[in-house]
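*Asks:* Provided below are the primary sequence and the corresponding predicted coordinates.
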Amino acid sequence: MNRICLPILLLAAFAVSSCNYHKVIDGEPLGEFFRAPTNESSVYADKVLDYTPAPGQFINADVILPTAEAACAWAKERLDSKQFVSLGAFGGYIVVGFDHSIVNLGGDCFAVYGNAISGGSEPGIVWVSQDTNGNGRPDDEWFELRGSDYNADGSLRNYSVTYYRPSAPGQRVRWTDSEGQEGTIDYLAAYHKQDYYYPAWIPGAEYTLTGSRLKAHNYDQSGNGSYWVNPDYGWGYADNYNDVHKKDATFRIDDAVDATGKPVILKYIDFIKVQTAVNAKSGWLGELSTEVLGFEDLSINVR
């Protein structure tokens, strides 16, 4: 890809520097734990640090994963082979890292690949984080990347859904949410016959996922349940066809906001999280679930 995270006027300045980023950009230090890319750095995410999907029809479909570590390794193998990783219903997420920090030089800084088609978008909210404590783990503050529906009617912050483990194979997964609502993730025996849609490696009888929720726009166009549509969202979401019309979306670090919605200035990031942003299902198609196929650093292409 030739897209770069750099205004044209800055290209000449970087051309006279070495192939590696310096730890100072615009006269300001990037930070003690900034990791500059090298000639050997990959533009693609090289690790999955957390894979915690919500229940869904693709969970446990290929293999029963016994531990969180095994789940991360499986997700990494899928991404490496450009196969989709499903995040399940609302709140399911994946966290990836790179072998270097992604520098914010303005414009689109990274891409998240999905499998959306027109009328079949399943938006995922994108979050970013810096490794401010230098421990290599995504345990620092997360910042949401503000998209087109950030302040739209029906969007909620700190929305939670609790999922309950089924007591027997072939059952629906029950859920309750922080708004006092409840529902189920349907078991689709005609298409996905694994015993459970509840992630095998998550212990306990229940677990809760929290994040920002977008209003669901899906509807039954046929009126008889045979043809469901998941309309595209404006911009700023993974697995959302309307972003670039070619099954991927590019993102700006400059769109990061804190928990209060205030913009934050991040000179670089180390971790990217994508999280399913809607809580809805489309009849025989089942739950809306964000899928990802890969993550690419676009800023490194300036080298």
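*Replies:* That came in fine, so what should we check first?
*Asks:* which stretches of the chain have low pLDDT?
*Replies:* Low-confidence segments of the chain (pLDDT under 70): 1-29, 243-248, 301-303.
*Asks:* Please tell me how far the nearest residue to residue 140 once chain neighbours are set aside sits from residue 259.
*Replies:* Nearest non-adjacent residue to residue 140, counting by Cβ to Cβ, 6 or more residues apart in numbering: residue 132, 4.8 Å away. Quick note: C-beta positions are derived from backbone N, CA and C, even for glycine. Distance of residue 132 to residue 259, computed by Cβ to Cβ, to the nearest Å: 16 Å.
*Asks:* ok, now residue 94?
*Replies:* For residue 94, the distance to residue 259 - Cβ to Cβ - is 21 Å.
*Asks:* higher neighbour count, these two?
*Replies:* Using other Cβ atoms under 10 Å as the criterion, residue 94 and residue 259 rank with residue 94 on top: 30 against 11.
*Asks:* Wait, residue 31 touches residue 270, no?
*Replies:* No. Between residue 31 and residue 270 there is no contact under Cβ atoms under 8 Å: 10.2 Å.
*Asks:* if I look at the two, which residues touch both of them?
*Replies:* residue 130 (Cβ atoms under 8 Å, 6 or more residues apart in numbering).
*Asks:* more neighbours, the two?
*Replies:* Legend: neighbour count by other Cβ under 10 Å for residue 31 and residue 270, higher for residue 270 (23 against 15).
*Asks:* which other residues reach the helix or strand hosting residue 162?
*Replies:* If you go by DSSP states H and E, residue 162 is part of strand 156-164. Contact with strand 156-164 is made by 54-55, 89-91, 173-179, 185, 198, 205-213, 259, 279, as judged by Cβ under 8 Å, 6+ apart.
*Asks:* quick one: the residue nearest to residue 140 from residue 30, how far?
*Replies:* Distance from residue 132 to residue 30, by Cβ to Cβ: 12 Å.
*Asks:* Which one's more surrounded, those two?
*Replies:* Neighbours were counted for residue 132 and for residue 30 using other Cβ under 10 Å; residue 30 has more, 20 against 13.
*Asks:* Now do the contacts for the residue nearest to residue 191 when sequence neighbours are not counted.
*Replies:* In space, residue 191 comes closest to residue 57 once its chain neighbours are excluded; the distance is 6.8 Å by Cβ to Cβ, 6+ apart. By Cβ under 8 Å, 6+ apart, residue 57 lies in contact with 86, 185, 188, 191, 192, 197, 286, 287, 289.
*Asks:* Pull out the buried members of these.
*Replies:* Taking 16 or more other Cβ atoms under 10 Å as the criterion, what is buried in the contacts of residue 57 is 86, 185, 188, 197, 286, 287, 289.
*Asks:* how close does the closest residue to the last one other than its chain neighbours get to residue 30?
*Replies:* Counting by Cβ to Cβ, 6+ apart, residue 289 lies nearest to residue 56, which is 4.7 Å off, once chain neighbours are set aside. Here the criterion is Cβ to Cβ. By it, residue 56 lies 38 Å from residue 30.
*Asks:* do the same with residue 212
*Replies:* 28 Å.
*Asks:* Wait, residue 138 touches residue 95, no?
*Replies:* Yes. Counting by Cβ under 8 Å, residue 95 is a contact partner of residue 138 at 5.0 Å.
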